[in-house]
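Novice: here is a sequence with its predicted model. Questions after.
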Amino acid sequence: MVKLIHTLADHGDDVNCCAFSSSLLATCSLDKTIRLYSLSDFTELPHSPLKFHTYAVHCCCFSPSGHILASCSTDGTTVLWNTQNGQMLAVMEQPSGSPVRVCRFSPDSTCLVSGAADGTVVLWNAQSYRLHRCGSVKDGSLVACAFSPDGIFFVTGSSCGDLTVWDDKMRCLHSEKAHDLGITCCDFSSQPVSDGEQGLKFFRLASCGQDCQIKIWVVSFTHISARSTEDHLKQFTEDWSEDDVSTWLCAQDLKDLVGIFKMNNIDGRELLNLTKESLADDLKIESLGLRSKVLRKIEELRTKVKTLSSEIPDEFICPITRELMQDPVIASDGYSYEKEAMENWISKKKRTSPMTNLVLPSVVLTPNRTLKMAINRWLETHQK
């Protein structure tokens, strides 16, 4: 039996989201406000509505304890509120300034994820209110998010239908086209299941989309963890565009082949799969010496991908690109970044730290020669 017991009509525009804690109901709206109601009698709390956002509020969620409420908005901010007195605890600006569509607390309340319209996803430290890690998806807005019950991983869903699994270091562990149209929501079952044979732990994940489908997934984090680094590094080359392949050919002193490769639409994935037969029969490269040189360079590339598939120390990874740094520099926030990535960050975005979200005291970048030598030593060791 279903029975309506109360109707709330305090918002002045569309209501986008509602969330429960053990004692409260929170709602947020296009009218820029968040409202809090007592579950005992559904009266609005004295300190409600909560006002700060300058544009529509898209999502709100309680921390597991219910003492903190997070709200996110088109104004590019995620705000934390004390639910007991309505006090604003922190304003966390999305580094890109893009409208924030979704936010979620981790099960232990230590982290908060915010996903934006430009595909950027930020992992915040919910205690210090500082940016911990950031990443991004290739296409679409982030509109859905869910943490695994153990809090070690989380999943994001995009308006293009992609489902992406991340770890707490913001490494993309798995990405898949889950729905033909946009994803609207995703969530984990709270109870793990076992395969009954090897005792591996699985979690069930549900995703739903604008394709009128609900899909149930079984996610093995043991398997994902084991192959995450290799898959991530493989993507560095497999995700190359045709222009990236052309750049690589020129760097290998093979610029005369750029036209042939472009004519045959050779991207990163195709490049790694080329054989001596395909070079001769499909690309019509007649010179045996030239074919041998191309194959040798491709094999070197494959070897590099393979040898780098062991765990890369996290301090060697650029926080912006999430790739192994080649020319690390130290910014005024004390963190190291890939030089080109940080220069682009400063020129195209706000003058804030990608790691702390605080204003950078200076935009001077200092070469981190010690780190570069450490990376080179690590590469040499893994290439022997």
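Specialist: Cool, the structure landed. Numbers count the residues shown, from 1 in each chain.

Novice: any idea how far residue 8 is from residue 60?
Specialist: 14 Å (CB to CB, to the nearest Å). C-beta: built from backbone N, CA, C; applies to glycine.

Novice: okay, these two: which has more neighbours?
Specialist: residue 60 (25 against 13; other CB atoms under 10 Å).

Novice: please tell me how far that one sits from residue 27.
Specialist: 7 Å.

Novice: ok, residue 8 next?
Specialist: Taking CB to CB, one finds residue 8 at 7 Å from residue 27.

Novice: ok, now residue 292?
Specialist: 68 Å.

Novice: so which of these two has more stuff around it?
Specialist: Legend: neighbour count by other CB under 10 Å for residue 292 and residue 27, higher for residue 27 (22 against 12).

Novice: dig out what the more buried one forms beta bridges with.
Specialist: residue 18, residue 35 (DSSP bridges).

Novice: next one: residue 131
Specialist: Bridge pairing for residue 131 - DSSP bridges - gives residue 124.

Novice: doesn't residue 355 make contact with it?
Specialist: Yes - with contact defined as CB atoms under 8 Å, residue 131 and residue 355 form a contacting pair (5.6 Å).

Novice: point out where this protein drops to low pLDDT.
Specialist: Scanning the chain for pLDDT under 70 picks out 195-201, 221-239, 304-311, 349-350, 357, 382-384.

Novice: quick one: list the elements packing against the longest helix anywhere in it.
Specialist: Secondary structure of the chain per DSSP state H: the longest helix is helix 288-307. Using 3 or more CB pairs under 8 Å, 6 or more residues apart in numbering; DSSP states H and E, the elements in contact with helix 288-307 are helix 221-238, helix 268-272, helix 276-281, helix 369-383.

Novice: burial of the closest residue to residue 33 other than its chain neighbours, as a residue count?
Specialist: Leaving aside its sequence neighbours, residue 33 sits nearest to residue 49 (CB to CB, 6 or more residues apart in numbering; 4.0 Å). Using other CB under 10 Å, residue 49 has 18 other residues around it.

Novice: now residue 33
Specialist: By the measure other CB under 10 Å, the count of residues near residue 33 is 21.

Novice: then the one 3 residues further on?
Specialist: Close neighbours of residue 36, defined as other CB under 10 Å, add up to 22.

Novice: show me what contacts it?
Specialist: Counting by CB atoms under 8 Å, 6 or more residues apart in numbering, residue 36 makes contact with 24-26, 44-45, 47-50, 69, 83, 86.

Novice: distance to residue 215 and secondary structure added to the residues you listed, as CSV?
Specialist: Output for the contacts of residue 36, formatted as CSV (distance: CB to CB, whole Å; DSSP: H, G, I helix; E, B strand; the rest coil):
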residue, distance to residue 215, secondary structure
24, 32, strand
25, 29, strand
26, 28, strand
44, 38, strand
45, 38, coil
47, 41, coil
48, 37, coil
49, 37, coil
50, 35, strand
69, 30, strand
83, 34, coil
86, 39, coil
